[in-house]
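1. Turn this into a model:
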Amino acid sequence: MILNKDKIAAAYTAFRADYEAGKLAAAPLASKLAMTVRSATAEENYAWLGGLHNEVQHPQIW
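-> Sure, this is the predicted structure:
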């Protein structure tokens with residue numbers, strides 16, 4: 001198969017369309033993973049999260 005600019009552009013367009021269709025068809029998981037809690041204040045302070053920085057290993061994606 002010989003690749004040229006037009007074939008690569010067509011493959012990209014097809015991949016993007018399939019990706020977007022799959023993304024729209026997927027059921028959201030937010031309601032199964034978390035719950036919504038109304039805030040009593042205008043600003044939230046999660047001081048306890050500061051202690052987790054050194055204990056949690058974050059994967060290097062880039």
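
2. any low-confidence regions in the protein?
-> For the chain, applying pLDDT under 70 flags the ranges 51-62.

3. Could I get the full set of helices for it?
-> 5-25, 30-33 (DSSP state H).

4. Can you lay out those helices as JSON lines showing distance to residue 47 and mean neighbour count?
-> From N, CA and C alone the C-beta is placed, and that goes for glycine too. As requested, the helices of the chain are arranged in JSON lines below (distance: least, C-beta to C-beta, whole Å; neighbours: other C-beta atoms under 10 Å):
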{"stretch": "helix 5-25", "distance to residue 47": "36", "mean neighbour count": "9"}
{"stretch": "helix 30-33", "distance to residue 47": "24", "mean neighbour count": "8"}
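
5. want to throw these into a markdown table with distance to residue 45?
-> As requested, the helices of the chain are exported to a markdown table (distance: least, C-beta to C-beta, whole Å):
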| stretch | distance to residue 45 |
| --- | --- |
| helix 5-25 | 34 |
| helix 30-33 | 23 |
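
6. how much space between the residue nearest the centre of the chain and residue 13?
-> Relative to the mean C-alpha position of the chain, the nearest C-alpha, by C-alpha atoms, centre = their mean, is the one of residue 23, at 10.7 Å. For residue 23, the distance to residue 13 (C-beta to C-beta, to the nearest Å) stands at 16 Å.

7. what's the answer for residue 30, then?
-> Using C-beta to C-beta, we find residue 30 at a distance of 30 Å from residue 13.

8. how close does residue 48 get to residue 41?
-> Distance from residue 48 to residue 41, by C-beta to C-beta: 16 Å.

9. no wait, residue 8
-> Relative to residue 41, residue 8 is positioned 52 Å away (criterion: C-beta to C-beta).

10. ok, now residue 47?
-> For residue 47, the distance to residue 41 under the criterion C-beta to C-beta works out to 14 Å.
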